[in-house]
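> sequence plus the predicted model coming up.
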Amino acid sequence: MMPVLRTGLNAPLLAGVALLVAWPFVFGSSYDLRVFTLAGIFAILVLGYQFIFGHAGALALTQGTFFGLGAYVTGLLGINLGWGFGLTLPLSVLGPLLLALLVAVPVLRLEAHYFALATLGISQVMLLIAISWESLTGGANGLPGVPGVIIFGEALPRGLPLAAFVWALVALAAFASWQITRGLLGRAFTVMRENEIAAVSIGIDIWRLRLVAFLLSAGYAGVAGALYVHTVRVISPDVLEFHVMVAVITMAVVGGRTRVAGAILGAFLLVHLPEWFRFLGQFYLIAYGAILLGMIIAAPYGLIGAAERFRAQWFPEPIPLPPLPAASTRGAETLPSGPLLEVKSLAIAFGGVHALEEVSLSIERGEIFGLIGPNGSGKTTLINCITGIYAPASGGIVFGGRDITRLAPFEIARLGVARTFQNINLVDDMTALDNVAAAYAGRRWAGISPELMRARGLDLARQQAMRLLEQLDVGPLAMQPCGGLAYGLKRRVEIARALALEPRLLLLDEPAAGLNQTEQADLAVRLRKLSERGLTLLVIEHNMPFLMPLATRMACLDYGRMIAAGSPGQIRADSRVIEAYLGAPEVA
Amino acid sequence: MLQALINALALGSAYALLALGFVLIVNATRAVNFAQGDMVMAGGYVAVALAAVLPVPGVALLPGVIVLMIVLGLVFSLFAYFPLKSRPPVSVFISTIALGIIFQNTANVVFGGAPRGAPPLFSGGLLTVGGVSLSEQSAAVIVVAALLIAGQWWLFARTALGRQLRATAQDRQMAEAIGVRVNGMIAFTFGLAAALAGAAGLLLANTFFVSPTDGTNYIIKAYIAVTIGGWGSLPGAVAGALLIALFEVLYPLLPTLLPLLDRWIPATDTLFSQTMATILLYIAVLLILFFRPQGLFGEVVQRRA
Amino acid sequence: MPLRFVVAPVGVLILLFAPLLTPAYAAEVSVPVLVPVTGVFALEGGAQRNGALLAMRHAPKDVHVRGEVYDTAVAPDVGVQALERAISRDKPTAVVGSMIGVQLLAMLPILQEAKIPMLTTSGTARITELNNPWIFRFFPADPLAKEVHVRYVVEELKKRRIALVYQTTAYGQSGRAEIVERLKRHNLEPVMQEALEITTRDMSPTIGKIRAANPDVVMLHIHSQPTALFVRAAAQAGLGLPIVAGSAIHQPTTVSLVEPAELTGVCGETNASPISGETPEMRSFLDQYRKEFGSEPDGFAVGQYDGLMMMLGAVAKGARTPAEVQKALASSTYAGLAMTYKSDGKGNMAHSAVIICYDGKSRIPRVAKRYENVTGVLSR
């Protein structure tokens, strides 16, 4: 998807807003206004769903349930206790929030479809409860007599006033969505959605971020549910039925999963389309299905996504590069003496195969430590253990005097352990600049802070990112999506991203792979420079001519065991190393 | 309660056919086919329509249903999958929702809203086995479904076509590189999935009838079966389907199977109601996922860095 | 918008002269038909629609009826949207309303605001309990239907050990409450109750539980497809108990799913069984319905037909506006095909019901017992 760099208003957006404002005056019958009101309610629901489904990328099937719960809270309190909008709306938000918190613990850690199924299960149970708890909910029949919206003692008549009120809330919800996602937090969401490994490697706590998205979704759904029940004036289990959920997913995808305008457009169209097709008599829902199919085939990234692509292709706008900030003046750190990283008798096995056995090593500050070994000898596994992606079966890892063996990957990253990947983990659809800038989201994360949301925060991060890209001589490519970059350039972007964490230890997994001689020499110079500035490096490589002159110390892994350690010269001469390599000749 | 057990297995084997088709498509394309439940409904109506012109037992209609459903599956893939094959899988999810809407409402227009019944596989009478009389249809459903599942296994494990289908599902690029016509294989997978669902439709449309809105219930069942079985696992899908059906049918019967329960536990009517069975099924699903997040037959996926 | 200033006076002029321009009909009324023709209630909604359309074709001379059909699907919001659309486009004199109770509950406030009478065949008790003078029900309300249901089981069949099977839907839950309450008046309590999900297909657990409870009769209050499934499963399992079902058993589409032999000893309550052709008028209705729609009519079709015929009769007698129609419906008595209709003051027009039974040889039931004027309203 195209990056949103243009945060200002633009012409199509203004036209869309004008159309929405004019709509109820052109189509002003009580019927048109009711459909329009309903479209607004669904717009809020879909805006909320975008957080968990669009931004966090998790197929949650609870949005309809949060909506229904919000509706039941307002409906039952209004009918039984006569409570007004001012009291019931907050409670309608609170109800789904509490449910979301309750279910988050067991389900939010599940992956993809297991998460979807778990959320589906919760939804179905809620539906059955609403149907079965007849004394409270009125059962499948539901209850009539939900009061309308009453604000400041004044009942809001249905028709234009109600429509205007709902759409004012849509505007508010849309503004909040835009505000939450336009800054660094939005970039963090993107990285988490597109590449979880990359996200944790730059210090993003994906579990927390997912929880935040889930809660936001639930809160929005509560508002939508309350408005729905005020509009329809009866409460029944229909609000919890699966078809509501299906409608919401469809609206989100058809409009655009992560765009505010997409949610509104999707909801508006999908609520109106069946009504527009009613003249077709019994065929109207077939026509609705057909047009839905047509839209998704024509605009698989959503209508807003299609519009953005169209615009990028035919009306490209020159995007200004952010200015460079003044050079960073970070003082030398005072740290406890002793080795920076200590790995003690580390062991891990996969399905009975020992990937690492009794591996110990120690890296001093300022070293460039080279780790070699044939394919499958456990080098990458070691890095994955150090960065917390794998939990070792036994042994320990101490970084800067602190035991990090059981820390989560994002925590280790925040302590100053950055890494690059053998098979590059960048977000292809995001620009090189934002890939690097996103690393500042992880570093600054402290709950949803205003700084993460403000445009200024993103601007500052981009400026810092620009400086790093310049340092690695990829500045001119900053505005290109990473997916289109050449291999060697992607590597440099990845190194820039790792440096954005201002790490104390940088782990490089085969940084020279796929680079030509000149590029390799160039990379070696850059790495040495980093080392001179006090950064400690752990480099995994096959490429001896590259590594030998670079490394200050080296070790060799074979079949998960450390078979040699010492200076590059010692390693070169070690018979066990030669045997390991001769036994399985490597092509660098 | 042998009859209840047979019924549960019959229901479960029909669910299994449906779930199997669902997994085949997931494996070949990574996409979720939301219309797989509507394919069952379509198969049921194809059987009803065929029976109207050919008054023969259901088992004789089966080849016709399978052929027509393969054709439907191919056409389906032309609209639902191929225009979107290099797009995000979620767009395929939506296209299958759209086609599901079209299927449901077309069935409603063509056949009307009333439930319809397809002919039984054989005579539809009762079998007497060791003094217990059983519904012949239920037994026949189990046998036919088992044969179809075995046929699917044979096709994949033992034939050249099956090897190509598996290669496509495993690694599309690699399959293409060794000369497999990947698009053809994917289209055929859709045909096969539709045929399995359609066969389930024929089997169910006699015992349980068919109406245009049946699909939603079936797709939810298939989704549970496939996921608790382990996403992408064929044996897992079959096991999941049987498990769901056994639970659905046998749980409400517990008080009659174990008469003591009635004495110990008050309000057995409520506790062992169908609603409670459904609620407990979902709670069981949540527990399974809590302790085995990869499903019963799924492999532990180590995150690759 | 200057256009409006042109259009409005012209419109007013046309309206003023309209009676002069169209002298062919003494009265022209619009009765939009708001019923579910898609979704899970398409079967019942379709019958309602057909009954209403047939009545329009049989409208008294000099009464011209326009009757647009609007699908209400299942959800309350779609039903309300259909009503609003009909109100703003068709200027209805009255509307035919969906039999889905929840939709009606959502529509009622709008009807009251727009002051338009609604004719429905819904059985949901509550719709006539809300002091809304605009709703008219031409079908036995649940309290009446279940009164007859229970009386037949207890008084005619003399059964005491009752197994009750109901559905966890709006229809099922409210009917079950009525049945249990009425059994209590006879000092009875069901020996077992089983709630069926609408998605439940396999009836063997239910049959097994019924058997274990050892009842002497089974009362069903479930929808069409489950009724057929239950009747067949009971026959195949050799349950051997009399079954007294809800109105679903009278629907020809329900019984077409089971073999006549499987229907032996099965009875049920309903407003009327048109296919039984009890009267010459009903037989003529049956013929015309078959000719018109190529399908068999059920009680919903007859109820809706009767309701609309009563309304059109009132129009022929001079009721023109919605308010006049409302007044006529609320105050007069009408002898329809199924029964005689008269409002009880709340809009309940039906006060009679029948019990039909199948003989095991044919799919056409016979009327086993008539319960006329159960509420006593007709003799008021």
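Great, that's in hand.
> now residue C:304. Nearest residue, chain neighbours left out?
Using Cβ to Cβ, 6 or more residues apart in numbering or on different chains and skipping residues adjacent in sequence, the residue nearest residue C:304 is residue C:51, 3.6 Å away. C-betas here are computed from N, CA, C, even on glycine.
> so what's that neighbour up against?
C:297, C:300, C:301, C:302, C:303, C:304, C:305, C:308 (Cβ atoms under 8 Å, 6 or more residues apart in numbering or on different chains).
> mind putting those residues in CSV, secondary structure, pLDDT and distance to residue B:136 included?
Shown next, in CSV, are those (DSSP: H, G, I helix; E, B strand; the rest coil; pLDDT from 0 to 100; distance: Cβ to Cβ, whole Å):
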residue, secondary structure, pLDDT, distance to residue B:136
C:297, coil, 96, 35
C:300, helix, 96, 35
C:301, helix, 97, 37
C:302, helix, 97, 39
C:303, helix, 97, 40
C:304, helix, 97, 41
C:305, helix, 97, 42
C:308, helix, 97, 47
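> mind checking which of these are buried?
Among the contacts of residue C:51, the ones that count as buried by 16 or more other Cβ atoms under 10 Å in any protein chain shown are C:297, C:300, C:301, C:302, C:303, C:304, C:305, C:308.
> my guess is the fourth one contacts residue C:271, does it?
Yes - if you go by Cβ atoms under 8 Å, residue C:302 and residue C:271 touch, sitting 6.9 Å apart.
> what do these two both touch?
Both residue C:302 and residue C:271 are in contact with residue C:338, where contact means Cβ under 8 Å, 6+ apart.
> hmm, back to that, quick one: which of the buried ones among the contacts of residue C:51 is nearest to residue C:317?
Distance to residue C:317, by Cβ to Cβ, is smallest for residue C:308 among the buried ones among the contacts of residue C:51, at 14.8 Å.
> how near is the closest one to residue C:351?
19 Å (Cβ to Cβ, to the nearest Å).
> quick one: secondary structure of residue 165?
Chain wasn't specified; assuming chain A. helix (DSSP: H, G, I helix; E, B strand; the rest coil).
> look at chain C instead
Residue C:165 ends up strand, using three-state DSSP.
> repeat for residue C:190
Per three-state DSSP, residue C:190 ends up coil.
> what comes up buried for stretch A:382-391?
Buried-residue list, stretch A:382-391, by 16+ other Cβ under 10 Å: A:382, A:383, A:384, A:385, A:386, A:387, A:388, A:389, A:390.
> which of those residues sits closest to residue C:28?
residue A:389 (76.8 Å).
> how much space between that closest one and residue A:201?
Taken as Cβ to Cβ, the span from residue A:389 to residue A:201 is 8 Å.
> one more: residue C:228?
On the measure of Cβ to Cβ, residue C:228 and residue A:201 end up 60 Å apart.
> circling back to that earlier point, identify the contacts common to residue A:389 and residue A:201.
residue A:409.
> thinking residue C:202 is in contact with residue B:6, fair?
No - assessed by Cβ under 8 Å, residue C:202 is found out of contact with residue B:6, at 10.5 Å.
> tell me how many other residues crowd the closest residue to chain A within the stretch 201-350 of chain C.
With Cβ to the nearest Cβ as the measure, residue C:223 is the residue of the stretch 201-350 of chain C nearest to chain A, at 11.8 Å. When neighbours are defined as other Cβ atoms under 10 Å in any protein chain shown, residue C:223 has 24 of them.
> ditto for residue B:270
If we define neighbours as other Cβ under 10 Å, then residue B:270 has 12 of them.
> and it, what helix or strand is that in?
Using DSSP states H and E, residue B:270 falls within helix B:268-271.
> other SSEs contacting that helix?
strand C:192-196 (3 or more Cβ pairs under 8 Å, 6 or more residues apart in numbering or on different chains; DSSP states H and E).
> next structured bit after the strand it packs on?
Counting by DSSP H and E, what follows strand C:192-196 is helix C:204-213.
> please, which helix or strand holds the residue nearest to residue C:304?
helix C:42-57.
> got it, and residue A:407?
With DSSP H and E as criterion, residue A:407 is part of no helix or strand.
> go ahead and confirm it touches residue A:388.
Yes - with contact defined as Cβ under 8 Å, residue A:407 counts as touching residue A:388 (5.5 Å).
> which residue does the stretch 151-300 of chain B bring closest to chain A?
residue B:282 (3.7 Å).
> make sure that residue is actually in contact with residue A:126.
No - using Cβ under 8 Å as the test, residue B:282 is too far from residue A:126 to be in contact (10.0 Å).
> where do the helices of the stretch 251-400 of chain A begin and end?
Counting by DSSP state H, counting those that start in this stretch, the segments of the stretch 251-400 of chain A that form helices are A:260-276, A:284-298, A:303-314, A:379-386.
> same deal with chain B?
With DSSP state H as the criterion, chain B has helices at B:2-29, B:36-53, B:58-80, B:89-111, B:136-158, B:160-170, B:172-177, B:182-207, B:215-229, B:234-250, B:254-257, B:259-264, B:268-271, B:274-291.
> ok, how many other residues are close to the nearest residue to residue A:237 once chain neighbours are set aside?
Nearest residue to residue A:237, sequence neighbours excluded (Cβ to Cβ, 6+ apart): residue A:130, at 4.5 Å. For residue A:130, the neighbour count with other Cβ under 10 Å is 27.
> tell me which element the residue lying closest to residue C:73 once chain neighbours are set aside falls in.
Excluding its sequence neighbours, the residue lying closest to residue C:73 (Cβ to Cβ, 6+ apart) is residue C:39, at 4.8 Å. With secondary structure defined by DSSP H and E, residue C:39 is part of neither a helix nor a strand.
> these two touch, right, residue C:39 and residue B:213?
Yes - assessed by Cβ under 8 Å, residue C:39 is found in contact with residue B:213 at 6.2 Å.
> of all the residues in the stretch 401-550 of chain A, which ones are close to chain B?
A:421, A:425 (Cβ under 8 Å from any Cβ of the partner chain).
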